[in-house]
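Student: Give me the fold of what follows.
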Amino acid sequence: MISMKLPSESKILSILRAWYMVGILGFSIPFSYFLFRFLTPFSLLLLVSTFFLYHKNRDRRLWLVMIAIALLGFGVEVAGVITGKIFGLYEYGETLGVKVASVPIIIGINWVIMVYGGLALATLTRLGRVYASLLAALIMTASDFIIEKFAILSDMWSWQGHNPPLQNYISWFIISFLFCLAAFPSIAGKKKESSYTWIPLSTCFFHLHSCNTPNILAIFRSRHITFYTTFFRWYTSRMLKKHLAGIQTELDPCYADKAVLLIGNHFSWWDRFIGNYLSYKFCHKKFHVMMLREQLEKRMFLNKAGAFSVEKSSRSAVESIIYSAEILSQKENLLMMFPQGAFDSLYHRGFVFARGVEKILEKCDSLPAVVFNINLVEYFSNPAPTLFIRSRMYQGEMSTRKLEEAFNLFHLECISKQNENLL
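Tutor: Numbers count the residues shown, from 1 in each chain. A predicted model of the protein is given here:
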């Protein structure tokens with residue numbers, strides 16, 4: 001019979017450290033980011049396999065306890081996602097792989113790893129069962145607190161209102177304590193050196209990745225430097241007066257006690273100037289506008305006057321959505337965005353919205369005032385065009401399809417009114 005000798009534990013530790021270093025690099029480079037995101041659940045399986053291979057006295061009781069923790073942990077997460085009563089209102093993304101009942105299967109394995117790693121560290125103190133379990137639960141909860149930012153940005157999970165509530169950490173601590181209490185007899189005194197490394201290594205990885213992400217991957221946030229915002233308002237007013245024969249408006253009143261999400265037709269270079277004009281002239285709000293990163297990098301002065309970046313099909317797109325929800329949580333703000341995601345001809349019909357606006361609204365603590373804005377120009381008998389600005393408050397269902405339908409109907413009404421002006 002051929003027996004296979006396991007590599008020494010020191011070699012396994014070196015491999016684990018190297019893997020996390022490669023992970024920091026892989027998640028930080030755009031072309032390899034999605035590959036490493038795909039590998040995340042496999043990394044968790046590899047880690048739990050390492051624990052059990054090097055565990056002393058792998059008896060039946062250990063397997064039963066760990067299987068029970070995996071199943072109970074998964075069940076708690078399913079109940080948490082469905083009811084929102086345990087951890088708060090949250091949902092899982094696609095990073096952690098295949099889901100059952102809206103929860104990734106790998107989550108049960110993650111609970112096993114956290115309990116094993118937490119107890120491995122706590123029992124180094126030689127505390128008794130209860131105090132060691134309390135310390136392990138505290139370690140697990142602290143680790144969860146640190147990795148939240150990375151998890152949200154990496155689409156592992158997301159929270160309604162974009163930040164985890166205090167309820168999440170309280171529940172984490174209580175459930176972790178109960179699991180550790182049950183697992184203590186099977187783990188205390190039987191773990192190996194590799195089990196001490198999981199929580200410190202993973203926590204350092206998540207913290208370094210979140211804090212030291214290269215600027216090429218981070219979003220540019222609105223800066224609102226007074227000189228630039230004042231200048232941009234003056235410049236907007238001057239440019240509109242200089243290049244237009246006139247401005248005609250037909251606007252719904254703005255809410256003073258709500259932030260405003262302004263959804264417009266994106267037909268020209270002028271759109272951001274028009275949005276800024278509406279913001280300070282009629283809504284009296286602080287202007288923010290979402291711009292494609294490649295466009296903003298060419299006009300960085302706009303960042304100092306309220307523009308922030310979004311980059312499609314990248315990790316930072318999630319951060320842009322979260323940041324947009326943060327903007328809309330403050331009633332003094334107006335956020336202008338173009339859900340169609342690109343320039344469209346002034347003569348275009350049937351706008352198609354991306355899901356970004358729905359995701360932003362899902363993450364808002366309280367819904368902002370959603371305002372449709374259609375801008376059209378006519379020359380008539382003048383050498384310079386007249387700008388027609390119309391807006392309408394939307395009060396229907398906040399789904400992509402319903403928003404898209406209502407916006408297109410409003411757009412057709414605005415065109416119909418333009419035709420009436422010619423009669």
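Student: isn't residue 403 right up against residue 371?
Tutor: No - when contacts are counted by C-beta atoms under 8 Å, residue 403 is not listed as touching residue 371 (11.6 Å). Yep, even glycine has a C-beta here, placed from its N, CA and C like the rest.
Student: Pull up the overlap in contacts between those two.
Tutor: Jointly contacting residue 403 and residue 371 under the rule C-beta atoms under 8 Å, 6 or more residues apart in numbering are 263, 394.
Student: Below-threshold pLDDT in the stretch 1-150 of the chain: ranges please.
Tutor: By pLDDT under 70, the low-scoring segments of the stretch 1-150 of the chain are 1-13, 15-17, 20, 23-34, 36-38, 40-41, 43-59.
Student: what about the strands in it?
Tutor: Under the criterion DSSP state E, counting those that start in this stretch, strands of the stretch 1-150 of the chain are mapped to 90-92, 99-100, 103-104.
Student: most packed of those?
Tutor: strand 103-104 (a mean of 24; mean count of other C-beta atoms under 10 Å).
Student: quick one: contacts of that one?
Tutor: Applying C-beta under 8 Å, 6+ apart, the contact partners of strand 103-104 are 41, 74, 77, 78, 81, 92, 96, 97, 98.
Student: buried sites along stretch 86-97?
Tutor: Using 16 or more other C-beta atoms under 10 Å as the test for burial, stretch 86-97 gives 86, 87, 88, 89, 90, 92, 93, 95, 96, 97.
Student: Using a markdown table, please lay out those residues together with distance to residue 267.
Tutor: Compiled in a markdown table, the buried residues of stretch 86-97 are given as follows (distance: C-beta to C-beta, whole Å):
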| residue | distance to residue 267 |
| --- | --- |
| 86 | 47 |
| 87 | 44 |
| 88 | 41 |
| 89 | 37 |
| 90 | 38 |
| 92 | 38 |
| 93 | 33 |
| 95 | 36 |
| 96 | 41 |
| 97 | 41 |
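Student: which of the residues you listed lies closest to residue 271?
Tutor: Closest to residue 271 out of those is residue 93 (31.2 Å), distances taken as C-beta to C-beta.
Student: you'd agree that closest one is up against residue 159?
Tutor: No - taking C-beta under 8 Å as the definition, residue 93 is not a contact partner of residue 159, at 11.4 Å.
Student: any idea how far the residue nearest the centre of the chain is from residue 165?
Tutor: In the chain, the centroid-proximal residue (C-alpha atoms, centre = their mean) is residue 318; its distance is 3.8 Å. Per C-beta to C-beta, to the nearest Å, residue 318 is found 19 Å from residue 165.
Student: Equivalent analysis for residue 62, please.
Tutor: 34 Å.
Student: Give me the more crowded residue out of the two.
Tutor: Using other C-beta atoms under 10 Å, the more surrounded residue of residue 62 and residue 165 is residue 62, with 19 against 15.
Student: List the residues that contact the residue nearest to that one when sequence neighbours are not counted.
Tutor: Closest residue to residue 62 apart from its sequence neighbours, by C-beta to C-beta, 6 or more residues apart in numbering: residue 186 at 4.4 Å. Shown in contact with residue 186 (C-beta under 8 Å, 6+ apart): 59, 61, 62, 65, 66.
Student: before we move on, back to that, identify whichever of the strands of the stretch 1-150 of the chain lies nearest to residue 410.
Tutor: Closest approach to residue 410 among the strands of the stretch 1-150 of the chain (C-beta to C-beta): strand 90-92, 30.6 Å.
Student: Domain boundaries for this protein, per the record?
Tutor: Segmentation of the chain into domains, based on automatic domain parsing, reads 9-211, 226-422.
Student: Dump those to a markdown table, plus distance to residue 219.
Tutor: Converted to a markdown table, the domains of the chain look like this (distance: least, C-beta to C-beta, whole Å):
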| stretch | distance to residue 219 |
| --- | --- |
| domain 9-211 | 10 |
| domain 226-422 | 5 |
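Student: can you tell me how far the residue nearest to residue 62 sits from residue 328?
Tutor: According to C-beta to C-beta, residue 186 and residue 328 sit 48 Å apart.
Student: pLDDT on whatever helix or strand residue 289 lives in, on average?
Tutor: Taking DSSP states H and E as the criterion, the element that holds residue 289 is strand 286-292. Mean per-residue pLDDT for strand 286-292: 89.
Student: CA-only coordinates of that strand, as PDB, when you get a sec.
Tutor: In PDB, the C-alpha atoms belonging to strand 286-292 read as follows (Å, rounded to 0.1, in the frame of the first residue of the first chain):
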ATOM      1  CA  LYS A 286     -25.200  71.100  -4.200                       C
ATOM      2  CA  PHE A 287     -24.500  69.700  -7.700                       C
ATOM      3  CA  HIS A 288     -23.000  66.300  -8.300                       C
ATOM      4  CA  VAL A 289     -22.700  64.500 -11.600                       C
ATOM      5  CA  MET A 290     -21.600  61.000 -12.500                       C
ATOM      6  CA  MET A 291     -19.100  60.900 -15.400                       C
ATOM      7  CA  LEU A 292     -17.300  58.100 -17.200                       C
END
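Student: mind listing what's buried in that strand?
Tutor: 286, 287, 288, 289, 290, 291.
Student: Check stretch 322-337 too.
Tutor: 322-329, 333-337.
Student: now do stretch 110-128
Tutor: 110-123.
Student: I'd like to know which of those is nearest to residue 376.
Tutor: residue 110 (53.1 Å).
Student: now, which of the buried residues of stretch 322-337 lie within strands?
Tutor: Counting by DSSP state E, the part of the buried residues of stretch 322-337 found in strands is 333, 334, 335, 336, 337.
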